[in-house]
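Chemist: I would like the atomic coordinates for the input below:
(2 chains)
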Amino acid sequence: MWLVYKKELLELLRDKRTLILSILLPTLIFPIIFFFVGKFSADRNAEAQAQDIKIAFVNVEQMPGLKALFTREKGFVEVDLQSSDYENQILGKSVDYIVEIPENSLAPRESKEQQSINLHYKGASNLNRILSSRIDKVFESYNNTERKALGEAYNIPNRSLKAFNQPVDVVNKNYASSREKIGELAGPFTAYMLILLAIAGAMYPTLEVGVGEKERGTLETLLLTPMKKSKIVLAKFGVIFSASFASVAVTLLSYLFWAYIFTTSFNLKGLGFMSNISTLDILLIGVLLIPLTSIFASVMLSASIYAKNMKEAQAYMSPIMMMGFVPVIVAFVPGMELNWKTALIPVTNVALAMKDLIKGTVDYGMIAVLLLSTILIAGALLYFVTQFFKKEKVLFRS
Amino acid sequence: MIELKNLAKTFVYDKKEAKARQKKEVKDPREGDGVFHAVKNVNLNVEPGKVLGLLGPNGAGKTTTLRMLSTALQPTSGQILIDGKDVTKDPIYATKQIGFLSGKTGLYHRLTVQENVEYFGRMHGLSKDVLAERVEQIFTLLDMHSFASKRADDLSTGMTQRASIARAVIHNPRVLVFDEPTTGLDVISAKTVLDFIESYRGTEMSVIFSTHHLHEVEQLCDQVCLIDLGESKFFGSTEEFRQISDTGDLYSSFLKLVEQQKEVA
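Modeler: Here you go, the predicted structure:
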């Protein structure tokens, strides 16, 4: 069996595509891409914050002080309107925002009533959302000024004014640690990434050692050797499992390495929660991936052996990928947690456990339950694939 | 000596395939209710040192017969005897006695020629010393030393064919089975295969060789077996096969037997 395993592994390692897909891509290329995408996104955000906003006012004299709040802020450039066709001027980009105060409106402090202001703009992109948030801040400031003035007009002290404005101020005392809060987002994302990598890492070797052997005509010669079919298929399974697991393990280690580098070199506080994840938790994430990777390796190998040709095998891979992703997505549904029932659902259970491990809220007893159930399923599937490989109908399907 | 006695192989269709077959207007007479009798009754024997040519039209059952002989398929009934031992009951013994090569069998592209041959030698359980000796012997015989360290995907067709032969005989088998080994090969590559088969004539090995090229039978074979519709319709010496037709050539004899079979069917 080791002879077949070593041969298959040697062939895989001599294939540049495998090395690029399994090692180089997740360890070096992905982190570099993530870094540059993140940097690009941050730069664009900073640019949007600093970008000049062309703003025009209509009847602004009816609300004294409003215009000054805008013009004293950096980045607001007042422009004159060419006509009363606001829409065309905004779509023609001669102005970004128009603050229109309806005729006969007065400042709230004078009218003692709530007033409306029309804000004209084109908001269809993320950039507009950032610009609009700058506009909102100025209006908030104007509201505060007017609120204060109204209070003075009615002789309401500032404290009482706050009560009018917000009778109850809920002060949140959230005892969730930053690890839990960030882990709630990072956990499912990590689970998704690792499961995706487990599937992606298994795919190429699966096609290579299954249907690839059929197409090259080497499978038949392999079957004519004295080695038992069960040993041959176990060796093939071993290669797929090794490639898939190595791909995930290398990626996991690479992410930990890059997280450390980014945290220490760029002072990214968001990644600081990772330092709270214990070695045991990281090891458990790795352990969880063993039966999970076995499940994917068995299912994919069965499909690859069954397929008549590469095209058919590739067609089988898409539903298998979906089979892997749907249970992971289920694990993201709010309220889904690891319990006696969910611990028995393959893939979902691993995703939930990974989330809990990263959040630091895991029930280790449940980990044992899910490991047992996943190992049983992986074992049953492995037995199935060894039996499948013995069938003449499967091996010589044409 | 190798003997095939009343060999038969029946494939069972799955439901979907059985339905599709029922709709077909022209049916193969071997089709039954949800089953296909690919090989119904094949009988032949080859003595050591002899080369047998296995003939038959496409779909006659030649490849199925050879796959049973090579243990890739399990016969439904009948016997395959090598030196009197029924190999259907001991497939591991059979794999040690048989070397198999077809026009479709390939090599591992990312392994060198030597790695390919050694891999199969080790799969057949050869010890390190014996393997080294066999590799040296075969590489010299087939003049393969010059490209032994080349990867299989860098070989010419002729080199690939020689490497495939070396792979098939590394374990020194008693019986050599060649399933249309020259199909798709150019003249020079085909000659390599035919010369190799010829070199086995008169040795202790039995060779069974299926082909559509009757000039190859003329050149190499001591015996002929013609299979049609899953049954061996002729088994005898090449000379006896030639005498079937009035003109005394293999081509006419082949056509005469196949036409006769069509009329019966």
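
Chemist: residues from chain A in reach of chain B?
Modeler: Along chain A, the residues adjacent to chain B under the rule Cβ under 8 Å from any Cβ of the partner chain are A:3-4, A:7, A:10-11, A:14-15, A:216-218, A:220-227, A:392-393, A:395-396. The C-beta positions use only the backbone N, C-alpha and C, and glycine is treated the same way.

Chemist: So which of those are in helices?
Modeler: Of the positions in the residues of chain A next to chain B, A:3-4, A:7, A:10-11, A:216, A:218, A:220-223, A:392-393, A:395 sit in helices, assigned by DSSP state H.

Chemist: Narrow the residues you listed to those that are buried.
Modeler: By the neighbour-count criterion of 16 or more other Cβ atoms under 10 Å in any protein chain shown, those include these buried positions: A:4, A:7, A:11, A:216, A:218, A:220-223, A:395.

Chemist: mind putting those in a markdown table, pLDDT included?
Modeler: Written out in a markdown table, the entries for these read as follows (pLDDT from 0 to 100):
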| residue | pLDDT |
| --- | --- |
| A:4 | 83 |
| A:7 | 82 |
| A:11 | 81 |
| A:216 | 85 |
| A:218 | 87 |
| A:220 | 84 |
| A:221 | 86 |
| A:222 | 87 |
| A:223 | 86 |
| A:395 | 77 |
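
Chemist: Which residues of chain B lie near chain A?
Modeler: Among all residues of chain B, those adjacent to chain A (criterion: Cβ under 8 Å from any Cβ) are B:11, B:14, B:67, B:70-74, B:92, B:95-96, B:98, B:100, B:102, B:104-111, B:115, B:119-120, B:122-125, B:167-168.

Chemist: Residue B:52 in helix, strand or coil?
Modeler: On the three-state scheme (DSSP: H, G, I helix; E, B strand; the rest coil), residue B:52 is labelled strand.

Chemist: By proximity to chain A, which residue of the stretch 151-265 of chain B wins?
Modeler: Distances between the stretch 151-265 of chain B and chain A by Cβ to the nearest Cβ are smallest at residue B:167, namely 6.9 Å.

Chemist: excluding its backbone neighbours, what's nearest that residue?
Modeler: Leaving aside its sequence neighbours, residue B:167 sits nearest to residue B:120 (Cβ to Cβ, 6 or more residues apart in numbering or on different chains; 5.0 Å).

Chemist: got a list of what that neighbour touches?
Modeler: A:221, A:225, B:167, B:170-171 (Cβ atoms under 8 Å, 6 or more residues apart in numbering or on different chains).

Chemist: what's the answer for residue A:347, then?
Modeler: A:195, A:292, A:295, A:323-324, A:327-328.

Chemist: run the last query once more with 10 Å
Modeler: For residue A:347, the set of contacting residues under the criterion of Cβ atoms under 10 Å, 6 or more residues apart in numbering or on different chains consists of A:191, A:195, A:198, A:292, A:295-296, A:323-328, A:330-331, A:374, A:377.

Chemist: for residue B:72, same thing?
Modeler: Residues touching residue B:72, when contacts are defined by Cβ under 10 Å, 6+ apart, comprise A:219-221, A:223-224, A:392, A:395-396, B:63-64, B:66, B:91, B:95, B:100.

Chemist: try 6 Å
Modeler: Residue B:72 is in contact with A:220, A:223, counting by Cβ atoms under 6 Å, 6 or more residues apart in numbering or on different chains.

Chemist: try residue B:48
Modeler: Contact criterion Cβ under 6 Å, 6+ apart gives B:204, B:206 as the residues in contact with residue B:48.

Chemist: Can you verify it is assigned to a strand?
Modeler: No - for residue B:48, which was evaluated using three-state DSSP, the result is coil, with no strand membership.

Chemist: Which pLDDT value goes with it?
Modeler: Reading off the confidence values, residue B:48 has pLDDT 91.

Chemist: How far does the lowest-mean-pLDDT helix or strand in chain B sit from its chain's centre?
Modeler: Using mean pLDDT, DSSP states H and E, the weakest-scoring helix or strand in chain B turns out to be helix B:15-23, at a mean of 76. How far helix B:15-23 lies from its chain's middle: 30 Å, per Cα atoms, centre = their mean, to the nearest Å.

Chemist: so where's the stretch 151-300 of chain A uncertain?
Modeler: Low-confidence segments of the stretch 151-300 of chain A, defined by pLDDT under 70: A:265-276.

Chemist: Remind me which helix or strand residue A:74 belongs to.
Modeler: Residue A:74 belongs to no helix or strand when assigned by DSSP states H and E.

Chemist: Burial check on it, number of neighbours?
Modeler: A total of 8 residues lie near residue A:74 under the criterion other Cβ atoms under 10 Å in any protein chain shown.

Chemist: phi, psi of it?
Modeler: The phi and psi torsions at residue A:74 (degrees, to the nearest 10) take the values phi -70, psi 140.

Chemist: any idea how far it lies from chain B?
Modeler: Using Cβ to the nearest Cβ, to the nearest Å, residue A:74 is found at 62 Å from chain B.

Chemist: How about residue A:168?
Modeler: Between residue A:168 and chain B the distance, using Cβ to the nearest Cβ, works out to 68 Å.

Chemist: What residues of stretch B:195-207 count as buried?
Modeler: Within stretch B:195-207, the residues that qualify as buried are B:196-197, B:200, B:205-207, counting by 16+ other Cβ under 10 Å.

Chemist: Which member of those residues is positioned nearest residue A:361?
Modeler: Proximity to residue A:361 was ranked across those by Cβ to Cβ; first place goes to residue B:196, at 69.5 Å.

Chemist: Now do the helix or strand where that closest one lies, average pLDDT.
Modeler: When secondary structure is defined using DSSP H and E, the element that contains residue B:196 is helix B:187-199. Model confidence over helix B:187-199 averages 85 on the pLDDT scale.

Chemist: What is the subsequent helix or strand relative to it?
Modeler: Toward the C-terminus, helix B:187-199 is succeeded by strand B:206-210 as the next helix or strand (DSSP H and E).

Chemist: Run through who's touching that next one.
Modeler: Judged by Cβ under 6 Å, 6+ apart, the contacts made with strand B:206-210 from elsewhere in the structure are B:2, B:46, B:48, B:51-54, B:62, B:175-180, B:197, B:200.

Chemist: from these, which would you call buried?
Modeler: Buried, going by 16+ other Cβ under 10 Å: B:2, B:46, B:48, B:51-54, B:62, B:175-180, B:197, B:200, out of the contacts of strand B:206-210.

Chemist: How much space separates residue A:34 from chain B?
Modeler: In terms of Cβ to the nearest Cβ, residue A:34 sits 32 Å off from chain B.

Chemist: returning to that earlier point: give me the contact list for the least confident helix or strand of chain B.
Modeler: Taking Cβ under 6 Å, 6+ apart as the rule, helix B:15-23 contacts residue B:34.

Chemist: What score does the closest residue to residue A:10 other than its chain neighbours have for pLDDT?
Modeler: Take residue A:10 and drop its neighbours on the chain: the residue closest to it by Cβ to Cβ, 6+ apart is residue B:111, 7.2 Å away. Here, the pLDDT recorded for residue B:111 equals 92.

Chemist: since we're on residue B:111, how many residues are nearby?
Modeler: Using other Cβ under 10 Å, residue B:111 has 19 neighbouring residues.

Chemist: which residues in the stretch 151-265 of chain B form helices?
Modeler: Counting by DSSP state H, counting those that start in this stretch, the segments of the stretch 151-265 of chain B that form helices are B:157-169, B:187-199, B:214-220, B:238-242, B:250-264.
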